[in-house]
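*Asks:* quick one, what's the 3D model for this:
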Amino acid sequence: MNALPAKTREMHNHHMDSSVWNDIDFRNDDIVIATYAKSGTSWMQQIVSQLIFQGQTDLPVSEMSPWVDLRVPPKEVKLPEIAAQTHRRFLKTHLPVDALVFSEKAKYIYVGRDARDVIWSLHNHHSNANEAWYDALNNTPGRVGPEIGRPPESPVEYFAQWLDNDGAPFWPYWENVRSWWELRDHANVKLIHFADLKHDLPGQIAKITAFLDIEVTPNTMEKILHHCSFDYMKNHAAASVPLGGAFWDGGAKTFIHKGTNGRWRDILPRATSERYEHTAAAELGEPCANWLKNGAL
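*Replies:* You can find the predicted model right below:
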């Protein structure tokens, strides 16, 4: 049996307070959805909510599936809310494994996505953030480290800065992917790739269903697939986005933007794209870098 990963550090920044996890009282059926960010997190939360609640409509997914390590609201508010949940819990994290409390009671789903696609989505997310977003992250007491500022207008410049500075102005990317890839053979960890969800949503949801030990009838699965389509989620975005999208110009439909890959292909300079791929291979090793680029684990 693989040894249980141990927490070795805390992560703090304008978004994160990893210490919230230290006081989570895990239950035997807990689910943890982990990603870097803009890798299909909301999509996976929707999928898991649909499986747990058997295709119900109008689920307030963002409220039901809190981002545990987000430091707003503070742990004194968040922890009692999580403890009070009576449904099968599905919690969200953007932490690497060594900054997370890893429990043998929980099942973990990690969603990967090529960082070029991540950053094109993240640029939209950051560019459309409003004053309330900046105020919450920069001025709520307890922030550690620098404020988060406004992004450059060009996604190419944004990507280059992110690549040169290991995830800035957000958080490190390579350690995040690497830490979860190393757990791919653990019985309570399932790696899913954004591109595979796009290519074969029914097949991927079937794998997730089996991993979570959930039984679904064919008729219910038909409803679930409909409710997990991009068009459905876009049209019901307020249920999937924190505070119904109040932190972004254009609201929730700005947060759930295009849901597509490859928007960088005709824009990102070839040299920058190749430098990214060389960095990925050096940081992750060829097998992980290939999975991150292509999916199909």
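*Asks:* quick one: distance of whichever strand or helix holds Val77 to the chain centre.
*Replies:* Val77 belongs to helix 75-83 when assigned by DSSP states H and E. Remark: helix 75-83 is offset 20 Å from the chain centroid, using C-alpha atoms, centre = their mean, to the nearest Å.
*Asks:* quick one: buried residues of stretch 109-118?
*Replies:* 109-118 (16 or more other C-beta atoms under 10 Å). Glycine gets a C-beta too; all of them are placed from N, C-alpha and C.
*Asks:* next helix or strand past the helix holding Val77?
*Replies:* Using DSSP H and E, the helix or strand that follows helix 75-83 in sequence is strand 90-93.
*Asks:* paired strands for the helix or strand following that next one, with orientation please.
*Replies:* Going down the chain from strand 90-93, the next helix or strand is strand 107-112, by DSSP H and E. The strands that strand 107-112 pairs with in its sheet are strand 31-35 (parallel), strand 189-193 (parallel) (by DSSP bridges).
*Asks:* winner for burial among those strands?
*Replies:* Across the strands paired with strand 107-112, averaging neighbours per residue (mean count of other C-beta atoms under 10 Å) puts strand 31-35 on top, at a mean of 26.
*Asks:* okay, His186 and Asn28: tell me how far apart.
*Replies:* As judged by C-beta to C-beta, to the nearest Å, His186 and Asn28 stand 16 Å apart.
*Asks:* returning to that earlier point: closest to Arg265 out of the buried residues of stretch 109-118?
*Replies:* Arg116 (8.3 Å; C-beta to C-beta).
*Asks:* tell me the gap between the host helix or strand of that closest one and the middle of its chain.
*Replies:* Under the criterion of DSSP H and E, Arg116 resides in helix 115-127. Here helix 115-127 shows a centroid-to-chain-centroid distance of 13 Å under the convention C-alpha atoms, centre = their mean.
*Asks:* helices and strands around that helix, which ones?
*Replies:* Contact here means 3 or more C-beta pairs under 8 Å, 6 or more residues apart in numbering; DSSP states H and E; on that basis helix 115-127 packs against helix 155-164, helix 270-284.
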